[in-house]
Structure formats: C-alpha cells, structure tokens
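Participant: Following is a predicted model, sequence given first.
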Amino acid sequence: MNLAITGASGNIGGMVARHLNTRGLPLILPLRKPAKAPDLPNCEARQFAYGDLELAKQALNGVDVLFMVSAAESPTREQEHLT
C-alpha cells in the first residue's frame, strides 16, 4: 500500500509523516518545494501543487491512501482542493 501525506514540510503533515515513518512505513511526500521535505528513510518527495491538475496526477500516481493537509487559506483554496 502506498501512503502519501501532503504538507510534510509543515507542522501537521510533518508530525504525521514522522509518526508513520517510525513504524517503518514508506511514504510519498507531495510538496510544493520537495527540497524542504523532512529527511526520513524510505520517503519519496514529489513536486506537487493543489491547483495544478497534471502535476497533482503525477505526484499522486500509485498512491492508495492520501492524508491531505489543507492548503493555506486563500480565495482560491476551495477550487485548489477540488482540483
């Protein structure tokens, strides 16, 4: 099973990623800035943006379960999540 966690460079997503990683689970970390991914074993950072459908499809390719941390508050946030 492939697990993905958005927001892994932030507080909530980072806490969830670290917690699951301590249990030996490999994770996919879709991030706007993959260079900011936490340094965790068996984790793969992928370029991702909520509002970019094609990039999101690539980043989530092969993902079975997604823990989605909400995008930052903005006037387009609802549409970004729908994308």
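Facilitator: Nice, thanks for sending it over.
Participant: From now on I want contacts and neighbour counts done on CA atoms only, so please keep to that.
Facilitator: OK.
Participant: Poorly predicted segments of this structure, please.
Facilitator: Across the chain, the ranges flagged by pLDDT under 70 are 71, 81.
Participant: quick one, strands of it?
Facilitator: In the chain, the segments counted as strands under DSSP state E are 3-5, 27-31, 43-47, 65-67.
Participant: most tightly surrounded among those?
Facilitator: Of the strands of the chain, the one with the most neighbours on average (mean count of other C-alpha atoms under 10 Å) is strand 27-31, at a mean of 25.
Participant: Report the inter-axis angle for it versus strand 43-47.
Facilitator: With axes from the mean of the first three to the mean of the last three C-alpha atoms, to 10 degrees as the basis, strand 27-31 and strand 43-47 are set at 30 degrees to each other.
Participant: among the strands of the chain, which is nearest residue 77?
Facilitator: Ranking those by distance to residue 77, with C-alpha to C-alpha as the measure, places strand 27-31 first at 16.1 Å.
Participant: Packing partners of that closest one?
Facilitator: Strand 27-31 is packed against strand 3-5, strand 43-47, with contacts defined by 3 or more C-alpha pairs under 8 Å, 6 or more residues apart in numbering; DSSP states H and E.
Participant: Run the chain-centre distance for that strand.
Facilitator: Distance, stretch centre to chain centre, for strand 27-31: 4 Å (C-alpha atoms, centre = their mean, to the nearest Å).
Participant: do stretch 72-83 as well
Facilitator: The answer for stretch 72-83 is 16 Å, by C-alpha atoms, centre = their mean.
Participant: One more: stretch 18-26?
Facilitator: Between the centre of stretch 18-26 and the centre of its chain there are 14 Å (C-alpha atoms, centre = their mean).
Participant: One more: stretch 40-48?
Facilitator: 8 Å.
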